[in-house]
Each structure stands twice: as structure tokens, then as C-alpha cells.
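S.K.: just need the structure, nothing else, for what follows:
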Amino acid sequence: MDLAILRKNVELCFSSAIKDSEKRKVAVSRRATGSASGLPFEPWARDILQECGFSVFLQEEFIGTVVREMRKRGYTNDKISYIIRERTWWGMKDYMVSRKQLEAALKNTDIPTYQQSIADIVLFYGNDIVSELNNIVIINVKSHDIDRKSRDPNIISAKRVLEFFKDLLEKAVTYPEFIDKANLWFIGFYYKRYRSYSEIKEIYVKDLFKLDVTRIPVINFDAAIQIQWHVKNMIEKEDMDKLKFIESLAEEYLKRWQEFVQKRTQKLEETIQELKSLIKKVKS
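M.R.: Sure thing, here's the model as predicted:
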């Protein structure tokens, strides 16, 4: 499937939904703050996309579905675990699927959520989920109250993304199709908060692999090396390919790290000089 067309259809689905005065309302707990404020939008996004005919799941639902369908085809637990961990671009290590989640799915028990997953929802665009396990787009959901003025929010850990890319490239030596199949989109929900619900005003869809990394507002080395960027402000480059993107992000990361270290070193040197000067004054 042409992923550009798929994305366009997803965008049309969302734009149609928020034109509906009732559909665009989302019940949000008053206690949902910070990163938790995005949680109500994940099931909303799944439900709207399903209404439009897409095969889409919450992250933990996807794992359970994959394991159940493979078991129906006669795969053993060991074989299922091997295929997910070794033969899929998304199942490597714990980037999207945690060990506990996979164990729970194989035991047919309730699958816990995984807060550290780089996926919130999963869009399957193939015809058969067992034979086309790699035909998915993983989607990271972000939300923002438009009445709150704030700095650019945490989007994803630059360090973790680069580690994921390193493992992906190592796998691609054996399975070159993994590069083409790997897809991660951000969906940004911009809403107004009312007493008992939130109303979605704008939705933006951006492709990680198309981003102009030189336009990233902040890579915060003091906060888990988070890329901080509003989804609506992300700049994409249509001529960007995946290998070029990975290389560009690595170079930008290194450049900003060196700038960060240089500033910290300078500040430390100034502090030490002040200490030495004060010590001299005390001695005299």
C-alpha cells in the first residue's frame, strides 16, 4: 500500500470526525495531567479510525491479537515469541513490546499497558495479520490544551530512538525490507478543556522519518534526552528518505550534545575559578 495515500486517508478520517460536534468531544478525567492527559485520546483515535474502516488497535490490543491469530494457525509459544522478537521490525527488544506483555499474551492472561512503548496505537495495513506482521504503522499520540501556554512538550527520547535505529539497521543487514516497513507517525490532538469533557479543535499527523531534524526546537539533555516539539509545528521534508533521516538525526544529536557539554564545561570552569578566588580571600 502507498503509505502517502494511507496517511492522507487517516487525515481525512480525523478531519471529518472533528467536524461533528459530538464526535469531537472526549471525556477526560480531571485528574489527567501531564503525560496522562494524552491517554483519553488513544481509544478515541482507535475508535474513529475503526469507524473509517481501518484495522487499528491500542498497543496492548495489537499484541494480544497477533498472538491469538498465530496460535489459531498452530504456532507454538516458542515459535510465536521467536517470530515477534526476531522477524519483525517492531518486536525487537522492548521498544514497542515489553517482556511482561509478551509473556501475558502467550499465557492468555490480561496484557498490561506499557508506558515506555514507542507506540500508543498500531495501524495494520495488510490483508493477513499473521503473514504480513511487518505491515504496520506505529503511532505515538500527543495532546495539548490550547488554552495553556507552555514550552514545546516531550515527544520522544532521542537517545532511545537512535538505539532503536541501530538495532533496526543491524537487522536490516539480514532483512533489508525492515527499513521500508518501519514507520512511526505522531498524531497531535489540540483541544479545549471544559468541566466534563475536552473538545478536539485540531489534529495533525506527522511522519517521524520525514522530519527536518535541524528544526527541532530542543533536545533536552537534562530530561531523559527528550526531543521537545509541538506536533503542529513539526517541519517535514518530502525528499527525506529513511537512511538519510537516521543519519541526519544522529549528526544533529551529536552536534547539540557537543554544544551542551561545552556550555556545561564552561560553567563548571567559571565556578571552579570563583571557588579558588574565594579560597585565596579566606586564606588572606
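S.K.: all contacts plus neighbour counts: C-alpha atoms, from now on.
M.R.: OK.
S.K.: what's the separation between Val56 and Val231?
M.R.: Relative to Val231, Val56 is positioned 21 Å away (Cα to Cα, to the nearest Å).
S.K.: scratch that, Arg24
M.R.: On the measure of Cα to Cα, Arg24 and Val231 end up 19 Å apart.
S.K.: quick one, which of the two is more surrounded?
M.R.: The residue with more neighbours, out of Arg24 and Val231, is Val231; 24 against 21, by other Cα atoms under 10 Å.
S.K.: which ones are touching the more buried one?
M.R.: 142, 186-188, 204-206 (Cα atoms under 8 Å, 6 or more residues apart in numbering).
S.K.: also Lys192?
M.R.: Contact analysis of Lys192 by Cα under 8 Å, 6+ apart lists 145-147, 198-201.
S.K.: what's the host helix or strand of Lys244 packed up against?
M.R.: Element membership for Lys244 (DSSP states H and E) is helix 242-283. Secondary-structure packing of helix 242-283 (3 or more Cα pairs under 8 Å, 6 or more residues apart in numbering; DSSP states H and E): helix 158-174.
S.K.: helix or strand right after the helix it packs on?
M.R.: Next element after helix 158-174 (DSSP H and E): helix 177-181.
S.K.: what residues sit buried inside that next one?
M.R.: By 16 or more other Cα atoms under 10 Å, the buried positions in helix 177-181 come out as 178-179, 181.
S.K.: tell me what it is packed against?
M.R.: Against helix 177-181 (3+ Cα pairs under 8 Å, 6+ apart) you get helix 158-174.
S.K.: what about the helix it packs on, average pLDDT?
M.R.: On average, the pLDDT along helix 158-174 is 96.
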